[in-house]
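Trainee: got a predicted structure plus its sequence, pasted below:
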Amino acid sequence: MPQTLKFLQKTYYGCLCVFCLLELNELVRQSLEEDFPLNPQHLREGVHFYIEGGKLVFTEYYHILRGYCCGSLCRHCAYGYKGKKV
C-alpha cells in the first residue's frame, strides 16, 4: 500500500519481516479511517492506550495516528526510534 511506504520513509527501521510488514500495513490502513484524537476524552483504552502500573502507555496505533516520532523513547514507538532523546 502506498501509504505504508510513505509511513516507512519516516521511520528508523532498517528491515522488516513479512509478518511485521503485513501487521504494519494493517495499522496504517486503519489509521486512514480515523483522525488523531486531539481531545483526551476521545482516547479509547485498548486502542490508543492501556494502563500499566498506574501509568498511561500509548499504543503503536496511537503513534501512527500522531504521524511523527516525538523522540521520547516511547515503549511502542511506531517509528523504530531507539536512539537518544531529540
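Mentor: In hand now; what should we look at? This structure is a prediction, so every number in the text was calculated from the model and none was measured.
Trainee: what residues does the helix ranked longest in the chain touch?
Mentor: If you go by DSSP state H, the chain has its longest helix at helix 18-31. Helix 18-31 is contacted by residues 1, 3-4, 7-8, 16, 60-61, 64-65, 78 when judged by CB atoms under 8 Å, 6 or more residues apart in numbering. In short, each C-beta sits where N, CA and C put it, glycine included.
Trainee: I'd say Lys10 and Ile64 touch.
Mentor: No: the pair Lys10 and Ile64 does not pass the contact test of CB atoms under 8 Å, sitting 10.1 Å apart.
Trainee: picking up where we left off before, what distance separates the longest helix of the chain from the centre of its chain?
Mentor: Mean-position distance between helix 18-31 and its chain equals 11 Å (CA atoms, centre = their mean, to the nearest Å).
Trainee: how about the following helix or strand past that helix as CSV, C-alpha atoms only?
Mentor: Next in sequence after helix 18-31, counting helices and strands by DSSP states H and E, comes strand 49-52. Only the C-alpha atoms of strand 49-52 are listed here, as CSV (Å, rounded to 0.1, in the frame of the first residue of the first chain):
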residue,chain,number,x,y,z
PHE,A,49,-3.6,3.4,25.3
TYR,A,50,-3.6,1.0,28.2
ILE,A,51,-2.8,1.4,31.9
GLU,A,52,0.2,-0.3,33.4
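Trainee: can you tell me the closest non-neighbouring residue to Tyr81?
Mentor: Spatially, and ignoring its direct neighbours in sequence, Tyr81 is nearest to Cys69 (4.8 Å; CB to CB, 6 or more residues apart in numbering).
Trainee: thought that neighbour was touching Glu60?
Mentor: No: in this structure Cys69 lies outside contact range of Glu60 using CB under 8 Å: 11.8 Å.
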